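Asks: Just to be clear, the model below is a prediction. Sequence and coordinates:
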Amino acid sequence: MIRVVPPDLPTVEAFLRARALRAMFPLANLARYGLDGGHDNAPAIWAAWTGGAVTDVLAVTRGGTVLPALPSRNWAEAAAVLSGGRIAAVIGPTDEVRPLIAAAGLRGATTLDRDEPHFALDLEALDVPDGPGVLMPLREVDLGQVIEWRKAYAIETLGTPADRADLDARRDVDAFLEAGSHRVLVEDGRLLSMTGFNADIGNVVQVGGVYTPPELRGRHHARRAVALHLAEARARGARRAALFAASAGSAHLYEAIGFGRIGDFTLCLYQEPVHV
């Protein structure tokens, strides 16, 4: 695989967009932070070529997150790219992440190591359920409560250690505010549920960070929040959506508004960066 330089980007991006539902993170990170940028989420990218066509892409963020798009399944060549590096996470379709982890010999204690059902939706088929509440941007609600929700989400869903969760939550909420990526379902001033997009490339969005506090679960607030946010995205031009579900309950929520399963998605997050 060859390190991608700016003149290669149109071809590489076209390859990723052709499989966008499986490659939302590398596409969104590239669009937002730029190739070889200074942010922790900025990707360096390697690509394999046959003639003038890209056959595989491997993105590695400055912070050490590996994002594979390897349909040719050349695990050895991708593992060679990682050799000598320090890897904090490997995230992507399960049928690409698991073989790459094995080929690269990535072994280490994890905070999260989970395969989740992967879903997609044509937004023309979106079903927005009736229910209480209106959707509001984060800047218009109680940010203290939002931070507490994000902290609880990090501990419950991502396996973040409690002593790190508060700092991570504050950093995440700052990023959500900057990106305008998250919304809260609110009824008469009461916050009911939070939803967001963890990747957005214009015509495709990826849902993430959905959270309802335990005392409000089972009332379909998250279902309505997600659907309203997707309807908002559809109104400004998005045509498809993707997500991965952390639990059977979450999967049922998404199926109820029209999502269908397309595979599995893996999140492998290491406690400490792993040397390859």
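Replies: Received, thanks. Numbering: from 1, shown residues only.

Asks: For the strand or helix carrying D172, list the C-alpha coordinates in CSV.
Replies: According to DSSP states H and E, D172 maps onto helix 162-179. Only the C-alpha atoms of helix 162-179 are listed here, as CSV (Å, rounded to 0.1, in the frame of the first residue of the first chain):
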residue,chain,number,x,y,z
ALA,A,162,-15.3,6.4,35.5
ASP,A,163,-12.2,8.5,36.4
ARG,A,164,-11.8,9.5,32.8
ALA,A,165,-15.4,9.8,31.8
ASP,A,166,-16.0,13.3,33.0
LEU,A,167,-13.1,14.8,31.1
ASP,A,168,-14.0,12.9,28.0
ALA,A,169,-17.7,13.9,28.3
ARG,A,170,-16.8,17.6,28.5
ARG,A,171,-14.5,17.3,25.5
ASP,A,172,-17.1,15.4,23.5
VAL,A,173,-19.8,17.9,24.2
ASP,A,174,-17.5,20.8,23.2
ALA,A,175,-16.9,19.0,19.9
PHE,A,176,-20.7,18.4,19.4
LEU,A,177,-21.3,22.1,19.9
GLU,A,178,-18.6,23.0,17.4
ALA,A,179,-19.9,20.6,14.8
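
Asks: got the contact list for that helix?
Replies: 32, 138-139, 143, 146-148, 150-151, 153-155, 160, 181-182, 196, 209 (Cβ atoms under 8 Å, 6 or more residues apart in numbering). C-betas here are computed from N, CA, C, even on glycine.

Asks: what do you get for stretch 99-115?
Replies: 66, 68, 70, 73, 75-76, 78-79, 82-83, 87, 90, 94, 98, 158-161, 246, 264-272, 274, 276.

Asks: picking that back up, now the buried members of the contacts of helix 162-179.
Replies: Buried by 16 or more other Cβ atoms under 10 Å: 138, 143, 146-147, 150-151, 153-155, 160, 181-182, 196, 209, out of these.

Asks: which pair in these spans the largest distance?
Replies: Largest separation among the buried ones among the contacts of helix 162-179 by Cβ to Cβ: I155 and S181, giving 20.9 Å.

Asks: what about L35, which SS state?
Replies: coil (DSSP: H, G, I helix; E, B strand; the rest coil).

Asks: Wait, it touches W46, no?
Replies: No - counting by Cβ atoms under 8 Å, L35 does not reach W46; the two are 11.5 Å apart.

Asks: all strands in the stretch 1-150 of the chain, in order from the N-terminus.
Replies: 2-3, 43-50, 53-61, 65-69, 86-93, 110-122, 134-137 (DSSP state E, counting those that start in this stretch).

Asks: got it, and the stretch 151-276 of the chain?
Replies: 182-187, 190-200, 204-207, 240-244, 260-275.

Asks: Give me the below-cutoff pLDDT ranges for the stretch 101-250 of the chain.
Replies: Of all residues in the stretch 101-250 of the chain, none has pLDDT under 70.

Asks: now D166: how far from L143?
Replies: To L143, D166 is 14 Å away according to Cβ to Cβ, to the nearest Å.

Asks: give the contact list for the residue most central in space within the chain.
Replies: Centroid-nearest residue in the chain: N198, 4.7 Å away (criterion: Cα atoms, centre = their mean). Shown in contact with N198 (Cβ under 8 Å, 6+ apart): F25, A28, S181, Q206, V207, G208, G209.

Asks: Read off the pLDDT value for the nearest residue to D40 once chain neighbours are set aside.
Replies: Distances taken as Cβ to Cβ, 6 or more residues apart in numbering put G63 closest to D40, at 3.5 Å, once the chain neighbours are dropped. Note for G63: predicted pLDDT of 97.

Asks: and G63, how many neighbours?
Replies: For G63, the count of nearby residues is 14 (other Cβ atoms under 10 Å).

Asks: residues touching the closest residue to R98 other than its chain neighbours, list them.
Replies: Nearest residue to R98, sequence neighbours excluded (Cβ to Cβ, 6+ apart): T266, at 6.4 Å. Counting by Cβ under 8 Å, 6+ apart, T266 makes contact with V90, I91, G92, P93, T94, V97, R98, R114, D115, E116.
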